[in-house]
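Asker: this one's structure only:
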Ligand SMILES: NC(=O)C1=CN([C@@H]2O[C@H](COP(=O)(O)OP(=O)(O)OC[C@H]3O[C@@H](n4cnc5c(N)ncnc54)[C@H](OP(=O)(O)O)[C@@H]3O)[C@@H](O)[C@H]2O)C=CC1
Ligand SMILES: O=C/C=C/c1ccc(O)c(O)c1
Ligand SMILES: [Zn+2]
Ligand SMILES: [Zn+2]
């Protein structure tokens, strides 16, 4: 199907003269179709990247379906972008043509606030997300379901040679998002018992990182009985608790030092908080479309902590990639062609993926 022309203004065409092709959703049906888009020229601080792979994060699905009511259509999703450098600006010293690089969830920030100065640009109030965000030049950002991207070098990371780009692409969001809070809150530290709610893209990588951290015990807490065997036999979990089984949940109550919650749909927190030991911590990562409720007693009783965490900083993302390369951590992926993306979204909505779809952009997304 021939790409549709994107809706660009004359101003945007002047600022973004470079033709590219992508996959866009035009409404809350979430149906993705080819689109011509424009990218900026390579600025002095920029890196131009030929996209080879892009992971499909559940946030992409939330966004194109407008679950969060923040979609700026046409949405070109994708923030698990892996590819090779084609051009660098004259101020860029750390990258060169041919380098294996990635772009995750962010492409800009204010660089002046307390968070930016601390190297925590993911908590900048003016953070610019890789897609569906208003950039500083006023244009809407478009993500990695496209054949090329241009990004400020500060927001580009390097893949170690040991990481294959298809299986490493999901680390840019799924991996970084679980790695950062697990390190910050010592979840999965040696001798500790960590639970992971939701064995999906984020969850399965959390299990792998917990193993690599030397956790004393890793328990998957899942709504899917079909995931039990491979959680235990292949992913390295020590235990599997079916959250719909009252006896299994009761047996696990009060046993966990920490829990990583990656559930993509709204579910009562109370049964999960009961799994924590006194003073245990739940890190909330999943972003369901509906607000969550928690009773005071669920936290006060036991002195428990419920903390949110958002993406990861660029330095945490690079640290995570280097750690993953050293410890053999990569995502379990199902590589698909650009033409299969809508079928993949339907399967993702049903949890029918083990455990991350990755689009083979380099070989299957081309301008006609
Ligand atoms: N905070 C942040 O910075 C980030 C947040 N996210 C968010 O994290 C969530 C997970 O993303 P991702 O891993 O890509 O999604 P996936 O769809 O790959 O995995 C989500 C998992 O959640 C579980 N789940 C689904 N529905 C329910 C339910 N009703 N109750 C309990 N568990 C449920 C399923 O696991 P099982 O079958 O084992 O039950 C499913 O596999 C999304 O909401 C996404 O938007 C993603 C990246 C960054
Ligand atoms: O998948 C990652 C999404 C993270 C995210 C963070 C902040 C925000 O406003 C979003 O819409 C998504
Ligand atoms: Zn994501
Ligand atoms: Zn800032």
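Answerer: On my side now, so go ahead. Nothing here was measured: the structure is a model prediction, and the numbers come from that model. Ligands and ions are numbered 1, 2, ... in the order given.
Asker: how is the chain carved up into domains?
Answerer: Recorded structural domains for the chain (assignment: the TED database) are 18-173+330-360, 175-308.
Asker: so where is the stretch 151-300 of the chain shaky, pLDDT-wise?
Answerer: Low-confidence segments of the stretch 151-300 of the chain, defined by pLDDT under 70, are absent.
Asker: Going by proximity to ligand 4, name the top residue of it.
Answerer: residue 154 (11.8 Å; Cβ to the ion). Placement of C-beta: from N, CA and C, glycine included.
Asker: Now do the contacts for the residue lying closest to that residue once chain neighbours are set aside.
Answerer: In space, and not counting its chain neighbours, residue 154 is closest to residue 314: 6.6 Å by Cβ to Cβ, 6 or more residues apart in numbering. Listed by Cβ atoms under 8 Å, 6 or more residues apart in numbering, the contact set of residue 314 reads 106, 119, 121, 154, 155, 157.
Asker: May I ask which two of those are separated the most?
Answerer: Spanning the widest gap among these are 119 and 157, at 13.6 Å by Cβ to Cβ.
Asker: returning to what we had before: ligand 1: which of the contacts of residue 314 is nearest?
Answerer: Closest approach between these and ligand 1, by Cβ to the nearest ligand atom: residue 106, at 10.4 Å.
Asker: Report how many residues lie close to residue 109.
Answerer: Residue 109: 24 surrounding residues under other Cβ atoms under 10 Å.
Asker: what's the pLDDT at it?
Answerer: Here, the pLDDT recorded for residue 109 equals 97.
Asker: Residue 58 now?
Answerer: 98.
Asker: about what we covered before: look at the residue of the stretch 151-300 of the chain closest to ligand 4 and say how many residues are nearby.
Answerer: The local packing of residue 154 (other Cβ under 10 Å) involves 17 other residues.
Asker: three-state assignment of it?
Answerer: Here residue 154 is recorded as helix under DSSP: H, G, I helix; E, B strand; the rest coil.
Asker: Also residue 352?
Answerer: Following three-state DSSP, we place residue 352 in the coil state.
Asker: Low-confidence regions, the stretch 1-150 of the chain specifically.
Answerer: Under the criterion pLDDT under 70, the flagged ranges of the stretch 1-150 of the chain are 1-2, 5-14.
Asker: how does it look with 90?
Answerer: 1-17, 136 (pLDDT under 90).
Asker: can you tell me how far residue 291 sits from residue 266?
Answerer: Distance, residue 291 to residue 266, by Cβ to Cβ, to the nearest Å: 8 Å.
Asker: Endpoints of stretch 293-309, how far apart?
Answerer: Start and end residues of stretch 293-309 are separated by 17 Å (Cα to Cα, to the nearest Å).
Asker: Run through who's touching it.
Answerer: Contacts to stretch 293-309, defined as Cβ under 8 Å, 6+ apart, come from residues 177, 180-181, 184-185, 254, 268-270, 273-274, 276-285.
Asker: For it, buried residues please.
Answerer: Residues 298, 299, 302, 304, 306, 309 are the ones in stretch 293-309 that count as buried (16 or more other Cβ atoms under 10 Å).
Asker: Now, those residues that are in strands?
Answerer: Residues of the buried residues of stretch 293-309 located in strands (DSSP state E): residue 306.
Asker: Assign residue 264 to helix, strand or coil.
Answerer: Residue 264 is classified as coil under three-state DSSP.
Asker: what does residue 207 give?
Answerer: Quick answer, by three-state DSSP: residue 207 is helix.
Asker: One more: residue 317?
Answerer: The three-state label given to residue 317 by three-state DSSP is helix.
Asker: and it, what is it in contact with?
Answerer: Residue 317 neighbours (Cβ under 8 Å, 6+ apart): 104, 157, 172, 176.
Asker: ok, the third one touching residue 81?
Answerer: Meaning residue 172. Yes: counting by Cβ atoms under 8 Å, residue 81 is a contact partner of residue 172 at 6.6 Å.
Asker: what do the two both touch?
Answerer: Shared contacts of residue 172 and residue 81, defined by Cβ under 8 Å, 6+ apart, comprise 102, 103, 104.
Asker: residues near the closest residue to the last one other than its chain neighbours, how many?
Answerer: Nearest non-adjacent residue to residue 104, counting by Cβ to Cβ, 6+ apart: residue 172, 3.8 Å away. Residues near residue 172, counting by other Cβ under 10 Å, number 29.
Asker: Include distance to residue 199 when you put the buried residues of stretch 293-309 into JSON lines, please.
Answerer: Output for the buried residues of stretch 293-309, formatted as JSON lines (distance: Cβ to Cβ, whole Å):
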{"residue": "298", "distance to residue 199": "23"}
{"residue": "299", "distance to residue 199": "25"}
{"residue": "302", "distance to residue 199": "25"}
{"residue": "304", "distance to residue 199": "23"}
{"residue": "306", "distance to residue 199": "21"}
{"residue": "309", "distance to residue 199": "19"}
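Asker: could you pull out the helices for the stretch 1-150 of the chain?
Answerer: Applying DSSP state H, counting those that start in this stretch to the stretch 1-150 of the chain gives helices spanning 10-15, 58-64, 114-117.
Asker: With the stretch 201-350 of the chain instead?
Answerer: 201-213, 228-233, 246-252, 270-273, 296-300, 314-327, 341-349.
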